[in-house]
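Chemist: okay, structure incoming, though there's no sequence with it:
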């Protein structure tokens with residue numbers, strides 16, 4: 001029996017089946033939807049896939065999704081399917097790629113997603129998007145990275161709302177998990193890059209979601225981070241997804257008629 005609560009494969013028997021499903025659905029999405037791959041930086045992994053909704057229009061809402069994989073696996077191509085829900089609302093979907101640990105350290109990933117957001121603010125108008133109607137989401141490690149897009153580095157982050165699903169907000173417990181031998185999170189990374197130790201934009205509305213069938217640390221981290229954000233003055237909604245685990249919850253983001261699909265759709269529509 002799996003004893004490491006962070007080793008998802010050991011707690012989700014259908015792990016491989018879900019991964020195969022989302023990759024197949026992503027290939028279908030790329031074949032169906034109008035899209036462009038665009039570089040936001042000079043590195044090979046520094047690209048975004050921009051998916052466009054049907055019709056010709058400008059000043060559309062813009063939504064950015066950041067994938068998970070414990071900072072060390074998957075790519076934007078594996079998560080194209082999320083664009084089905086996003087573009088179904090009439091918004092432009094931005095699916096982000098980033099480098100993977102341990103080839104680079106976590107600080108580089110945070111810098112990359114921040115630069116991807118900056119690309120949106122500088123260029124999305126030429127793609128028919130409205131940067132003033134910008135929302136973000138992320139799953140697992142992607143939720144961790146997405147949180148740095150609403151960071152209070154400046155008075156205004158530019159993020160109207162964020163959906164953080166199955167996220168990791170305190171890196172300390174991961175140092176004693178199976179990830180120790182894979183990415184070896186350092187004490188410096190725990191101190192500098194744990195969202196629980198940071199401050200966030202009070203103007204951003206946050207939705208902190210977790211699958212009801214997640215292992216205890218994911219519930220504990222969601223509860224603790226929700227409380228911290230509320231203490232900082234953010235408007236926070238906590239969502240518990242009944243019948244969902246760490247993998248089925250992100251799979252369902254691509255289906256607008258699921259609980260999490262509706263939450264994502266409604267959040268995007270709320271800034272319209």
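Modeler: Thanks, I have it. A quick note: this is a predicted structure, and the numbers were derived from the prediction, not measured. Numbering: from 1, shown residues only.

Chemist: got the residue ranges for the helices in the stretch 101-250 of the chain?
Modeler: Using DSSP state H, counting those that start in this stretch, the helices of the stretch 101-250 of the chain run over residues 106-123, 141-147, 187-193, 216-231, 246-251.

Chemist: turn these into TSV, columns for distance to residue 164.
Modeler: Glycine gets a C-beta too; all of them are placed from N, C-alpha and C. Listed next are these as TSV, based on distance: least, CB to CB, whole Å:
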stretch	distance to residue 164
helix 106-123	13
helix 141-147	4
helix 187-193	15
helix 216-231	8
helix 246-251	12
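
Chemist: now, of these, which is deepest in the fold?
Modeler: Each of the helices of the stretch 101-250 of the chain was scored by mean neighbour count; the highest is helix 141-147, a mean of 28, by mean count of other CB atoms under 10 Å.

Chemist: show me what that helix packs onto, helices and strands only.
Modeler: In terms of contacts (3 or more CB pairs under 8 Å, 6 or more residues apart in numbering; DSSP states H and E), helix 141-147 is packed against strand 60-66, helix 106-123, strand 129-139, strand 161-165.

Chemist: note down every partner strand of the last one and its orientation.
Modeler: Read it as strand 161-165. In the sheet, strand 161-165 lines up against strand 129-139 (parallel), strand 205-211 (parallel) (DSSP bridges).

Chemist: who touches the last one?
Modeler: It refers to strand 205-211. With contacts defined as CB atoms under 8 Å, 6 or more residues apart in numbering, strand 205-211 is touched by 150, 160-167, 200, 218-219, 222, 225-226, 229, 234-241, 244-246, 248-249, 260, 263, 267, 270.

Chemist: pull out the buried members of these.
Modeler: Among the contacts of strand 205-211, those that count as buried by neighbour count (16 or more other CB atoms under 10 Å) are 150, 160-167, 200, 218, 222, 225-226, 229, 234, 236, 239, 241, 244-246, 248-249, 260, 263, 267.

Chemist: before we move on, back to that, need the strands paired with strand 161-165 in CSV (columns: mean pLDDT, mean neighbour count and distance to residue 106).
Modeler: Listed next are the strands paired with strand 161-165 as CSV, based on pLDDT from 0 to 100; neighbours: other CB atoms under 10 Å; distance: least, CB to CB, whole Å:
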stretch, mean pLDDT, mean neighbour count, distance to residue 106
strand 129-139, 97, 23, 14
strand 205-211, 98, 24, 21
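
Chemist: can I get these in a markdown table with distance to residue 39?
Modeler: Output for the strands paired with strand 161-165, formatted as a markdown table (distance: least, CB to CB, whole Å):
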| stretch | distance to residue 39 |
| --- | --- |
| strand 129-139 | 17 |
| strand 205-211 | 29 |
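
Chemist: so for residue 80, which of those sits nearest?
Modeler: Smallest distance to residue 80 across the strands paired with strand 161-165 (CB to CB): 14.0 Å, for strand 129-139.

Chemist: which one of the helices and strands packed on helix 141-147 lies nearest to residue 176?
Modeler: For residue 176, the closest of those is helix 106-123, at 17.0 Å, according to CB to CB.

Chemist: which strands or helices does that closest one pack on?
Modeler: Contacts defined by 3+ CB pairs under 8 Å, 6+ apart place helix 106-123 against strand 60-66, strand 92-96, strand 129-139, helix 141-147, helix 187-193.

Chemist: for residue 119, find the nearest of those.
Modeler: Nearest to residue 119 among the helices and strands packed on helix 106-123 is strand 92-96 (8.6 Å), distances taken as CB to CB.

Chemist: just want the angle from that closest one to helix 106-123.
Modeler: In terms of direction (axes from the mean of the first three to the mean of the last three CA atoms, to 10 degrees), strand 92-96 departs from helix 106-123 by 160 degrees.

Chemist: give me the residues contacting strand 92-96.
Modeler: With contacts defined as CB under 8 Å, 6+ apart, strand 92-96 is touched by 48-53, 60-67, 76, 79-80, 82-83, 86-87, 112-113, 116, 120, 124, 127-129.

Chemist: quick one: strands adjacent to it?
Modeler: Strand 92-96 has the following strand partners under DSSP bridges: strand 47-52 (antiparallel), strand 60-66 (parallel).
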